[in-house]
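>>> pasted the sequence and its predicted model underneath.
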Amino acid sequence: MKLSIVLSTHAAQFAAVAFKGDLASNVAKIAGWGYDGVELAIRDPKVADTGEMLRIVSEHGLEVPAIGTGQAWGEEGLSFTDPDPAVRAAAIERTISHIPFAVRTGAAVIIGLLRGIVKPGVSQAQAMDWLVDALQQCCAAAQPHGVRLALEPICRYETTLINNLAQGLDLLDRVGAENMGLMPDTFHMNIEEPVIEDSLRACGDRIFHFHVADSNRWYPGAGHLDFVSILDTLYATGYQGYVSGEFMPLPDADTSAQKAIAYLRTEVGPRLRVQA
């Protein structure tokens, strides 16, 4: 089981990220606790020293399995479904700007809240059309470089677009790009999926990345989710990628990260029937 944890390269409003800023010291701690990779949340690669990021990560023997883009929404309000065409174009451009770093690291580019919401005065159908068009443009730009995009179904309390995995699969059909897949998140699945395992099985090989948090959005092991069953099902689909922690920094960031990896390595890992 390859484990990573989300690290925001800059301070951000989003609460469900344990580590923010201070890249060098946080990467050193993450590597020291035994993680295999670090998922980097990067607001804008044009104002980030991605070369230095890669040097620090590589120096500690870690990989970058995915790049988070949500800060462009959270900090700047960019989205694929904004009524303003200039905002939509900026969101597309921002996504495409992650491709060079994704090429260097082999990372998937995550599409979370950058997809946006259905804003007042916009129909669901129109928002979906904008979303499909944006994703097709991004996938077309990424495909020649071998870069994959992973859309995260997010619960109804955070967005009105693509809340569950079935809706995500329908979206993939509309986008029609082989380098577009899904990133299930156990916190959101606990809210939206009737049976998490059945929903994962339906995804087959369309899972490109995977997020874990427990039912309360704390670290795995702090709530009631059955991670043995969930991860057995995930690996039975043929998934061989990372299991990446995105959870609240509670009781504090260091404790949550250490408890997460201890639980997944020593309590969950030995009980899995299927391994990546």
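Nice, I can see it.
>>> ranges for the strands of the stretch 151-276 of the chain?
180-182, 210-212, 242-245 (DSSP state E, counting those that start in this stretch).
>>> who wins for proximity to residue 39 among these?
With Cβ to Cβ as the criterion, residue 39 lies closest to strand 242-245 of these, at 4.8 Å. Backbone N, C-alpha and C define where each C-beta goes, glycine included.
>>> neighbours of residue 69, just the number please.
Counted with other Cβ atoms under 10 Å, the neighbours of residue 69 add up to 26.
>>> give the contact list for the nearest residue to it once chain neighbours are set aside.
Nearest in space to residue 69, with sequence neighbours left out and distances taken as Cβ to Cβ, 6 or more residues apart in numbering, is residue 114 at 4.8 Å. Going by Cβ atoms under 8 Å, 6 or more residues apart in numbering, residue 114 touches 69-70, 72-73, 78-80, 91, 94-95.
>>> tell me the centre residue of the chain?
Centroid-nearest residue in the chain: residue 110, 4.9 Å away (criterion: Cα atoms, centre = their mean).
>>> before we move on, back to that, helices - which of the contacts of residue 114 land there?
72-73, 91, 94-95 (DSSP state H).
>>> could those be laid out in JSON lines, adding distance to residue 145 and neighbour count?
Putting the ones in helices among the contacts of residue 114 into JSON lines (distance: Cβ to Cβ, whole Å; neighbours: other Cβ atoms under 10 Å) gives the following:
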{"residue": "72", "distance to residue 145": "20", "neighbour count": "23"}
{"residue": "73", "distance to residue 145": "24", "neighbour count": "23"}
{"residue": "91", "distance to residue 145": "19", "neighbour count": "27"}
{"residue": "94", "distance to residue 145": "17", "neighbour count": "22"}
{"residue": "95", "distance to residue 145": "13", "neighbour count": "26"}
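>>> and for the closest residue to residue 121 other than its chain neighbours, the neighbour number?
Nearest residue to residue 121 in three dimensions, chain neighbours excluded: residue 83, at 6.6 Å (Cβ to Cβ, 6+ apart). By other Cβ under 10 Å, 14 other residues sit near residue 83.
>>> check which helix or strand covers residue 83.
Assigned by DSSP states H and E, residue 83 belongs to no helix or strand.
>>> same question, residue 39
For residue 39, the host element (DSSP H and E) is strand 37-41.
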